[in-house]
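[1] Structure for this input, please:
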Amino acid sequence: MFARRRVENNDGLEFATHLDRACSCLEQDKLKEALAKDFHLLQSALASGRTIISNEKNLPKLVAIAGSKVRELSMLYYANPAVEGDNCILWLRAGAELEADRRIDVWESNHLKSN
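    Residues are numbered from 1 along each chain as shown. Predicted coordinates:
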């Protein structure tokens, strides 16, 4: 993604302190590592428009768990073109407004719980 210049460079370093608190919500080291690997997405979202657009399927679940302890994470919104297909594209073209059903914990519940 970096090579294709599809990543907005907004580091959100002021949100790096949330990583330890978020990881403490997860029991397995494997899950903590997965959250840490993608935490840059959360930092950028917190620093910019609070929206994450990614094909990552595990991240919303991890953030939904961590959001119970780290309130800032529960205020993120999510879209996944690989899961949603045309609905995601249409939402983006319409302006990507923050909608309640796109809040990351709600999105995870609606799109991934049955899988």
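[2] Could you check how many residues crowd around S54?
    Per other C-beta atoms under 10 Å, the neighbour tally for S54 reads 16. Every residue, glycine included, has its C-beta placed from N, CA and C.
[3] Tell me who's in contact with it.
    Contact analysis of S54 by C-beta atoms under 8 Å, 6 or more residues apart in numbering lists D38, L41, Y78, A79, N80.
[4] Can you select the buried ones from those residues in PyMOL?
    Of those, the buried ones can be selected in PyMOL as follows, counting by 16 or more other C-beta atoms under 10 Å:
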select buried, resi 38+41+78+79+80
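[5] For stretch 54-67, what does the pLDDT average out to?
    Per-residue pLDDT over stretch 54-67 has a mean of 94.
[6] I meant stretch 105-115, not that one.
    83.
[7] roughly how far out does it sit from the chain middle?
    Offset of stretch 105-115 from its chain centre (C-alpha atoms, centre = their mean, to the nearest Å): 13 Å.
[8] from here on, count from 17
    In the new count, where the first residue is 17, that last one comes out as stretch 121-131.
[9] if we look at it, which residues are touching it?
    With contacts defined as C-beta under 8 Å, 6+ apart, stretch 121-131 is touched by 73, 76-77, 79-80, 83, 90, 93-96, 99-100, 116-117.
[10] what sits against I68?
    L57, L58, S60, A61, L75, L92, Y93, Y94, A95, I120.
[11] Identify those among those that sit within helices.
    Those of the contacts of I68 mapping onto helices are L57, L58, S60, A61, L75, I120, per DSSP state H.
[12] Between all of these, which two are separated the most?
    Using C-beta to C-beta, the ones in helices among the contacts of I68 span at most 13.8 Å, a distance reached by S60 and I120.
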